[in-house]
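Participant: Here is my input; please provide its structure:
(2 chains)
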Number of protein chains: 2
Amino acid sequence: MINPFKIICKDKNSKARIGKLITSHGEVNTPIFMPVGTQATVKTLSPEELINIGVEIILCNAYHLTLRPGTEIIKEAGGLHEFMHWDSPILTDSGGYQIFSLSDLRKITDEGARFQSHIDGKEIFLTPEEAVNIQNDLGADIIMTLDECIQYPCDYNYAEIAMKRTCEWAKRCKNTHTDKRQLLLPVIQGGMHKDLRERCANELVEEGFSGYAIGGLSVGEDRSLMYEIAQHTLCFIPERRVRYLMGVGDPRDLLECIGLGIDMFDCVMPTRNARNGTTFTRGGKLVVRNAKYARSHEPIDAECGCYTCQNYSRAYIRHLFNTREILGLRLTSIHNLYFLMELIKDARKAISENRFLDFKKAFLKQYARKLVL
Amino acid sequence: MINPFKIICKDKNSKARIGKLITSHGEVNTPIFMPVGTQATVKTLSPEELINIGVEIILCNAYHLTLRPGTEIIKEAGGLHEFMHWDSPILTDSGGYQIFSLSDLRKITDEGARFQSHIDGKEIFLTPEEAVNIQNDLGADIIMTLDECIQYPCDYNYAEIAMKRTCEWAKRCKNTHTDKRQLLLPVIQGGMHKDLRERCANELVEEGFSGYAIGGLSVGEDRSLMYEIAQHTLCFIPERRVRYLMGVGDPRDLLECIGLGIDMFDCVMPTRNARNGTTFTRGGKLVVRNAKYARSHEPIDAECGCYTCQNYSRAYIRHLFNTREILGLRLTSIHNLYFLMELIKDARKAISENRFLDFKKAFLKQYARKLVL
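Facilitator: Here you go, the predicted model:
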């Protein structure tokens, strides 16, 4: 198997590295953060805005798109890229995490997952094979195997069952997948149990994939436990393969996990927070809809170069939130994504100059300092 | 008084004309349509998007901005242009129409209008003088006198009282207004009573203003009655002055009223309809959120050159509406405004080539033909 991932440079003092991932819609620079476009749109933003922000790849959810508008319609349109007017790489999630979220509406067996649509209650039976077929039809550049994501905390016995099932499903996905324009990545599960993580990683690596994702983290555990499990799991993934930590997007977590050797991230938090009026700044979070910014005629973050900070004040954005105007949601979404993309760009530069640890330390210190803004 | 309006060219077969209106933030080509940005934002769109659509001037509502965020904050920010990042001309409405909409919460006397805020019920007393002071603080390029807009139908006696009051208020506004960077336009009222319209127009023209607005139309009367009253009222406005018909934005009405000699229009309908999924096409209205467009992989209007029609299908936009995604509202808003701006641009060209009536006839025929799309 040709490795689509090339390591460009490694930090001498940590496991951080910069690389390039080759996909059918172009190269992606890693480390990278993928904004989430659940329903074939990164909420509130246009593709051109994403490109201007520096976004290189987005994540869409096969589960949601299967329910609405349905795979057939997207296939007819010429695939997801054509349908949503996005010509850069796309990763689709298999639906495992969404099924996990439907705790009361699902039943998982070795054969697959039976669940009810959250839209109309219709019963759906999703097998690993079907998850691949759906993602083939959608035509993303990177697709994911179907996995069973467990709740936190989860006892050892069930975590083991789910981990074994996840491995079996990954093999069935691999056997079904024939479209070589798409990279298929499996998901390593095992809860917070280190030996299960190790067994899962070893089994999937032995099967052989283009890269590996770590799932089932950032599900409620302490930050330090997440780092510990991620670090442990990474020990069993070949260094030369791309590594994706699913569901992580907090600026601090990004830097810590880049330092552990993670290459890819996704999370709804930056855009969801934006729509709630919570924004990132170098000095920590700033809730721009708060009354105290009513007369604040400066940008969200004076050091930020984004469209929002270059052109709009906190007072105006707060007014937009206060009057429920959509432009407010757009402006904070642009800012939060730009903030993360710049953070990652700065991290890459620091890695290339062997000063990643200093960079991380300085950022974390400043970010924590003014959290009370 | 220097006339800020220059007529560039007149159609030989109708009263249509093209002109230029000079304002503190640049020239406006007439006829012109002004999108409405009630709360210092044209709903869902950025200033750059408006400029790309061809928008030259927008309308904001002094009434709404006085309530939220308050005049003080906008003045502190350096005025409305600075506050909302819009460097082209702005017209502010005085609040007369909004007070008219609050039928149960208002009491109008010769002194002014006493009403309750629709936000928090706070009692506000707005005099003509205060309406000018507020608009001075906001710093729009064109400001409007406070008027009393009556309901339709309205008996002669009350229409006469409101008309006389509107004239008195216009004079008080003129006496208060000192900032010569702002053009002050009065509103001609008089309901559907031709002699009242005539008396109102004559009295305001005698007082002398830079231009004249016709208010109190498009309030529920038949289309033909609206045209009749507008045409009659225009007889009493000097030809060399700019003429603004308030609250009109239907494509058919725009062309008919351009033919009568109207230069400026505004209306929330194009953007409001867009947010309901109703779009303009050369063949009539198209409700893109309808189920029948679920598999329609063509643009809203194949002849349209807007960003939306160049890049997105009806099926995708319908999906966005179906999943309540904000990008859908943006895409239809862009399309509807572009459609109107192009229509007006085409009208200007037709006027300059003395074929406005043929142009209007051809458009109306095609627009009516496929209304069942």
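Participant: Any stretches of the stretch 151-300 of chain A with poor pLDDT?
Facilitator: Judged against pLDDT under 70, the stretch 151-300 of chain A has no low-scoring part.
Participant: For it, what lies in contact range of chain B?
Facilitator: A:294-295, A:297 (C-beta under 8 Å from any C-beta of the partner chain). Using the backbone N, CA and C atoms, a C-beta is placed for each residue, glycine as well.
Participant: Please indicate which of these are buried?
Facilitator: A:294-295 (16 or more other C-beta atoms under 10 Å in any protein chain shown).
Participant: which one among the residues of the stretch 151-300 of chain A next to chain B gets closest to residue A:166?
Facilitator: residue A:294 (49.9 Å; C-beta to C-beta).
Participant: my read: that closest one touches residue A:315, true?
Facilitator: Yes - with contact defined as C-beta atoms under 8 Å, residue A:294 and residue A:315 form a contacting pair (6.1 Å).
Participant: anything in contact with each of the two?
Facilitator: Overlap between the contact sets of residue A:294 and residue A:315, as judged by C-beta atoms under 8 Å, 6 or more residues apart in numbering or on different chains, is given by B:69, B:73.
Participant: List the residues that contact the residue of chain A most remote from its centre.
Facilitator: Distance to the chain centre peaks in chain A at residue A:295, reaching 35.6 Å (criterion: C-alpha atoms, centre = their mean). The neighbours of residue A:295, taking C-beta under 8 Å, 6+ apart as the test, are A:315, B:73, B:76.
Participant: how far away is the last one from residue A:297?
Facilitator: As judged by C-beta to C-beta, to the nearest Å, residue B:76 and residue A:297 stand 7 Å apart.
Participant: Over to the second one?
Facilitator: Separation of residue B:73 from residue A:297 (C-beta to C-beta): 9 Å.
Participant: so what sits against both of those two?
Facilitator: residue A:315.
Participant: the helices in the stretch 101-250 of chain A, which residues?
Facilitator: Shown for the stretch 101-250 of chain A, the helices assigned by DSSP state H, counting those that start in this stretch span residues A:128-138, A:156-176, A:194-207, A:223-234.
Participant: Filter the contacts of residue A:295 down to just the ones in strands.
Facilitator: Among those, no residue falls in strands (DSSP state E).
Participant: Now whichever residue of the stretch 101-250 of chain A sits closest to chain B: closest residue in space that isn't a chain neighbour?
Facilitator: Nearest residue of the stretch 101-250 of chain A to chain B (C-beta to the nearest C-beta) works out as residue A:119 at 9.3 Å. Distance criterion C-beta to C-beta, 6 or more residues apart in numbering or on different chains; nearest residue to residue A:119, sequence neighbours excluded, is residue A:67 at 5.3 Å.
Participant: pLDDT wise, what is the one you found at?
Facilitator: Note on residue A:67: pLDDT of 93.
Participant: So which residue is smack in the middle of chain A?
Facilitator: residue A:266 (1.2 Å).
Participant: can you tell me how far the nearest residue to it once chain neighbours are set aside sits from chain B?
Facilitator: The shortest distance from residue A:266 to any non-neighbouring residue, by C-beta to C-beta, 6+ apart, is to residue A:34 (4.1 Å). Here residue A:34 is placed at a distance of 18 Å from chain B (C-beta to the nearest C-beta, to the nearest Å).
Participant: Quickly find the element holding residue A:34.
Facilitator: Applying DSSP states H and E as the criterion places residue A:34 in strand A:32-35.
Participant: Report all helices and strands that whichever helix or strand comes after that strand contacts.
Facilitator: Under the assignment DSSP H and E, the closest C-terminal helix or strand after strand A:32-35 is helix A:47-53. For helix A:47-53, the contact count by 3 or more C-beta pairs under 8 Å, 6 or more residues apart in numbering or on different chains; DSSP states H and E identifies helix A:326-352 as packing neighbours.
Participant: Next, see if the helix it packs on gets close to chain B.
Facilitator: Yes - residues of helix A:326-352 are located near chain B by C-beta under 8 Å from any C-beta, namely A:326-327, A:329-330.
Participant: any chance of those residues in TSV, plus pLDDT and neighbour count?
Facilitator: TSV is the format used below for the residues of helix A:326-352 next to chain B (pLDDT from 0 to 100; neighbours: other C-beta atoms under 10 Å in any protein chain shown):
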residue	pLDDT	neighbour count
A:326	98	19
A:327	98	28
A:329	98	23
A:330	98	26
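Participant: Identify the farthest-apart pair in the residues you listed.
Facilitator: In the residues of helix A:326-352 next to chain B, two members sit farther apart than any others by C-beta to C-beta. They are A:327 and A:329, at 7.4 Å.
Participant: The stretch 251-373 of chain A: strands as residue ranges?
Facilitator: Here the stretch 251-373 of chain A has its strands, by DSSP state E, counting those that start in this stretch, at A:264-267, A:278-281, A:284-287.
Participant: Which residues are in contact with residue A:168?
Facilitator: For residue A:168, the contact set (C-beta under 8 Å, 6+ apart) comprises residue A:110.
Participant: what separates residue A:103 from residue A:148, distance-wise?
Facilitator: According to C-beta to C-beta, residue A:103 and residue A:148 sit 12 Å apart.
Participant: Looking at the two, which is more packed in?
Facilitator: Shown here are residue A:103 and residue A:148; by other C-beta atoms under 10 Å in any protein chain shown, residue A:148 has more neighbours (22 against 9).
Participant: The more buried one reaches residue A:108, doesn't it?
Facilitator: Yes - if you go by C-beta under 8 Å, residue A:148 and residue A:108 touch, sitting 5.9 Å apart.
Participant: Mutual contacts of those two, please.
Facilitator: Shared contacts of residue A:148 and residue A:108 (C-beta under 8 Å, 6+ apart): residue A:165.
Participant: Now do the contacts for the closest residue to residue A:194 other than its chain neighbours.
Facilitator: Among residues not flanking residue A:194 along the chain, residue A:232 sits closest, at 5.0 Å (C-beta to C-beta, 6+ apart). Neighbour list for residue A:232: A:194, A:197-198 [criterion: C-beta under 8 Å, 6+ apart].
Participant: Doesn't residue A:19 belong to a helix?
Facilitator: No - per DSSP: H, G, I helix; E, B strand; the rest coil, residue A:19 lies outside any helix segment and is strand.
Participant: I'd guessed it sits against residue A:5; true?
Facilitator: Yes - Residue A:19 is within contact range of residue A:5, at 5.8 Å (criterion: C-beta under 8 Å).
Participant: joint contacts of these two?
Facilitator: Common neighbours of residue A:19 and residue A:5 (C-beta under 8 Å, 6+ apart) are A:30, A:242, A:263.
Participant: now for the stretch of helix or strand residue A:8 belongs to, which elements pack on it?
Facilitator: Residue A:8 belongs to strand A:5-10 when assigned by DSSP H and E. Packing contacts for strand A:5-10, counted by 3+ C-beta pairs under 8 Å, 6+ apart, involve strand A:17-23, helix A:326-352.
Participant: most tightly surrounded among these?
Facilitator: Of those, the one with the most neighbours on average (mean count of other C-beta atoms under 10 Å in any protein chain shown) is helix A:326-352, at a mean of 23.
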